[in-house]
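Chemist: sequence plus predicted model, see below.
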Amino acid sequence: MTDHSIELTVNGVARSGAAEPRTTLADFLREELTLTGTHLGCEHGVCGACTVLVDGEPVRSCLMLAVQARGTEVTTVEGLADGATLHPLQQAFMESFAFQCGFCTPGFVMSTLALLRDEPDADEARIREELSGNLCRCTGYQSIVEGVLLAAQRAREEGAVL
């Protein structure tokens, strides 16, 4: 197959690479751009581990082709921290002991980021509903929800937008 040129913005930086037409965005990010924070679990769009933001919207990157991402702005979990300083959402998850093995973490973080951006006052029921599309095999989800609630509370107190 012939490789296609892919130009996009990833985590605020213009990036380019080449990919076969059948290459998923997840594989392109991981293999071509060496951004391995996006994890591949089921590769069927069910588990949510590969969730990234494309033009601000959560997308299962295992279901999107890299060629479809041309010209878009992609945000991965690597784009959230500021050097050694974690993003407030990541910090809240860490303080809540939200994860054990961490494999699903990037997908939960990116999904939650979009939720709290759009619904900063989301209650526990809404958070659980929104995150029901992300699977974790290690936790009972309570600590994840607590992390989201903590991040939302802090954002409201500080008048910040996540």
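Modeler: Perfect, I can see it now.
Chemist: name the nearest residue to the residue nearest the centre of the chain, ignoring sequence neighbours.
Modeler: Geometric centre of the chain, nearest residue: Met110, 2.7 Å, by C-alpha atoms, centre = their mean. Leaving out its chain neighbours, the residue that sits closest to Met110 by C-beta to C-beta, 6 or more residues apart in numbering is Thr51, at 4.5 Å. Bear in mind the C-beta positions are built from the backbone N, C-alpha and C, glycine included.
Chemist: care to break the protein down by domain?
Modeler: When the chain is parsed with automatic domain parsing, its domains come out as 4-79, 88-158.
Chemist: got those as a markdown table, with mean pLDDT columns?
Modeler: Formatted as a markdown table, the domains of the chain follow (pLDDT from 0 to 100):
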| stretch | mean pLDDT |
| --- | --- |
| domain 4-79 | 97 |
| domain 88-158 | 94 |
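Chemist: okay, stretch 123-141 in PDB with CA atoms only?
Modeler: Taking C-alpha atoms only, stretch 123-141 is exported to PDB below (Å, rounded to 0.1, in the frame of the first residue of the first chain):
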ATOM      1  CA  ASP A 123     -22.900  15.400  39.500                       C
ATOM      2  CA  GLU A 124     -21.900  11.800  40.500                       C
ATOM      3  CA  ALA A 125     -24.700  10.200  38.500                       C
ATOM      4  CA  ARG A 126     -23.700  12.200  35.300                       C
ATOM      5  CA  ILE A 127     -20.000  11.300  35.800                       C
ATOM      6  CA  ARG A 128     -20.800   7.600  36.200                       C
ATOM      7  CA  GLU A 129     -23.000   7.800  33.100                       C
ATOM      8  CA  GLU A 130     -20.400   9.500  31.000                       C
ATOM      9  CA  LEU A 131     -17.500   7.200  32.100                       C
ATOM     10  CA  SER A 132     -19.600   4.000  31.600                       C
ATOM     11  CA  GLY A 133     -17.900   3.700  28.200                       C
ATOM     12  CA  ASN A 134     -14.500   3.300  29.800                       C
ATOM     13  CA  LEU A 135     -13.500   0.000  31.300                       C
ATOM     14  CA  CYS A 136     -11.200  -0.700  34.200                       C
ATOM     15  CA  ARG A 137     -10.400  -4.200  35.300                       C
ATOM     16  CA  CYS A 138      -8.700  -3.200  38.500                       C
ATOM     17  CA  THR A 139     -10.900  -0.800  40.500                       C
ATOM     18  CA  GLY A 140     -14.500  -0.700  41.600                       C
ATOM     19  CA  TYR A 141     -14.800   2.700  39.800                       C
END
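Chemist: that's all I had, so thanks and see you.
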